[in-house]
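S.K.: Model the structure of this input:
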Amino acid sequence: MSPMAVPLEFLKEFEAGLNPRFPERSPIPARVLGYGEIGTTLEITGYEGVACKRFPMFYSEEEAIAYQALHDAYVHTLREAGLNVVPSETARLEHRGRWIVYIFQKKFPADSIGHRALHILTPEGVRRLVVQVVTELRKVFRFNRLHRGEREVGIDGQISNWAMAEFDPHSGPGPDIQLAYFDTSTPLMRIRGQEQLNPELFLRSAPSFLVWLIRWLFLPDVMTRYYDFRQVVMDLVANFYKEQRPDLIPLVLEVVNGPLVEGDFPPLTVEEVRRYYRQDAWIWRTYLAFRKVDRALHHLIRRPYPYILPEKIRR
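M.R.: Numbers count the residues shown, from 1 in each chain. Sure thing, here's the model as predicted:
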């Protein structure tokens, strides 16, 4: 067994005692490394150094197997496009009537991850980091242009999805930054124009009373925005608001509107990015609030709530 994989029997024991409200208080404690819209990244006691991404939204083993296969194909395609994708392994298990998929990856030092590095790098270091992120994103969209109508991938290029290899927090990134991409848990891929990821999976974590509204208003955008180079770069820039570094946005816009992407899309403006961020932040704040209502309702009717939610997200 790979040293990165967590044994299935251990995972079953962990799930049996997991306290989704307070994972750190579980019989086998776990520390939350990051929250996503449909999953949570944990570091489980006994397997320090492994980032365990947990996705509890599958209704059958067949769904879980299909997701694992798509994940592996997605990673392969990103590498074919030229990205350095973090090695990963998957596992699935059944618990309380639903199937849970785990993705295991190497845990990177916190300061080497993009959104943390923003707070210790010099402006020039940030500029070099963003240049390299955009360079990597261009590889994906160049691949998509070459394979349009045959095979295309979507990508979430936010700064928090990249890690710098051999990063020294004291000297910052060197002139040749080596980036690793690790957000492979939303494997958006089109084959002959058909999306391979089941869009209903995005709705599994939503409160039942909101599913129809999310399906109508937001799901089409979620399933298409990551195939649009300009939208992906917009999201990258807007992410600097979330990470409390709006002071860096003019610098980042100089990069994304400069010769590196000249002609690939119309230039972004500060006001456009601000509007995009405000709308996106409002959507996710509201969505989290309703998920907490749903969690409380589950508790009232003594029904297990399988998702791990943040108490607050700073935006």
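
S.K.: can you pull out the helices in the stretch 51-200 of the chain?
M.R.: 61-81, 114-117, 123-146 (DSSP state H, counting those that start in this stretch).

S.K.: got a list of contacts for the first one?
M.R.: So the one you mean is helix 61-81. With contacts defined as Cβ atoms under 8 Å, 6 or more residues apart in numbering, helix 61-81 is touched by 55, 58, 85, 88, 90, 92, 94, 99-101, 103, 139-140, 142-143, 151, 153, 155, 181, 184-185, 187-189, 196-198, 201. All C-beta atoms are positioned from the backbone trio N, CA, C, and that covers glycine.

S.K.: Separate out the buried members of these.
M.R.: 55, 58, 85, 88, 90, 92, 99-101, 103, 140, 143, 151, 153, 155, 181, 184-185, 187-189, 196-197, 201 (16 or more other Cβ atoms under 10 Å).

S.K.: Out of those, list just those in strands.
M.R.: Per DSSP state E, strands hold the following members of the buried ones among the contacts of helix 61-81: 55, 58, 88, 90, 92, 99-101, 103, 151, 153, 181, 189.

S.K.: Against which helices or strands is the lengthiest helix in the chain packed?
M.R.: For the chain, the helix with the greatest residue count under DSSP state H is helix 270-300. Applying 3 or more Cβ pairs under 8 Å, 6 or more residues apart in numbering; DSSP states H and E, we find helix 270-300 packed against helix 229-242, helix 249-256.

S.K.: if you skip the residues just before and after it, what's nearest to residue 277?
M.R.: Closest residue to residue 277 apart from its sequence neighbours, by Cβ to Cβ, 6 or more residues apart in numbering: residue 238 at 3.9 Å.

S.K.: And for residue 25, the neighbour number?
M.R.: Neighbour count for residue 25, taken as other Cβ atoms under 10 Å: 11.

S.K.: What's the local residue count around residue 20?
M.R.: Using other Cβ under 10 Å, the number of residues around residue 20 comes to 16.

S.K.: what do you get for residue 220?
M.R.: 11.

S.K.: Can you check the pLDDT for it?
M.R.: Looking at residue 220, its pLDDT stands at 73.

S.K.: Could you check how far it is from residue 195?
M.R.: Residue 220 sits 11 Å away from residue 195, going by Cβ to Cβ, to the nearest Å.

S.K.: Export the ones in strands among the buried ones among the contacts of helix 61-81 to JSON lines and append columns for pLDDT.
M.R.: JSON lines is the format used below for these (pLDDT from 0 to 100):
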{"residue": "55", "pLDDT": "95"}
{"residue": "58", "pLDDT": "94"}
{"residue": "88", "pLDDT": "95"}
{"residue": "90", "pLDDT": "96"}
{"residue": "92", "pLDDT": "96"}
{"residue": "99", "pLDDT": "96"}
{"residue": "100", "pLDDT": "96"}
{"residue": "101", "pLDDT": "97"}
{"residue": "103", "pLDDT": "97"}
{"residue": "151", "pLDDT": "96"}
{"residue": "153", "pLDDT": "97"}
{"residue": "181", "pLDDT": "97"}
{"residue": "189", "pLDDT": "96"}
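
S.K.: JSON lines for the residues you listed, including distance to residue 69?
M.R.: Shown next, in JSON lines, are those (distance: Cβ to Cβ, whole Å):
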{"residue": "55", "distance to residue 69": "14"}
{"residue": "58", "distance to residue 69": "13"}
{"residue": "88", "distance to residue 69": "13"}
{"residue": "90", "distance to residue 69": "9"}
{"residue": "92", "distance to residue 69": "11"}
{"residue": "99", "distance to residue 69": "14"}
{"residue": "100", "distance to residue 69": "16"}
{"residue": "101", "distance to residue 69": "11"}
{"residue": "103", "distance to residue 69": "13"}
{"residue": "151", "distance to residue 69": "15"}
{"residue": "153", "distance to residue 69": "15"}
{"residue": "181", "distance to residue 69": "20"}
{"residue": "189", "distance to residue 69": "11"}
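
S.K.: Any idea how many residues pack against residue 118?
M.R.: Around residue 118 there are 20 other residues, counting by other Cβ under 10 Å.

S.K.: how near is it to residue 197?
M.R.: Separation of residue 118 from residue 197 (Cβ to Cβ): 30 Å.

S.K.: Also residue 12?
M.R.: Plainly put, residue 12 is 26 Å away from residue 197 if you go by Cβ to Cβ.
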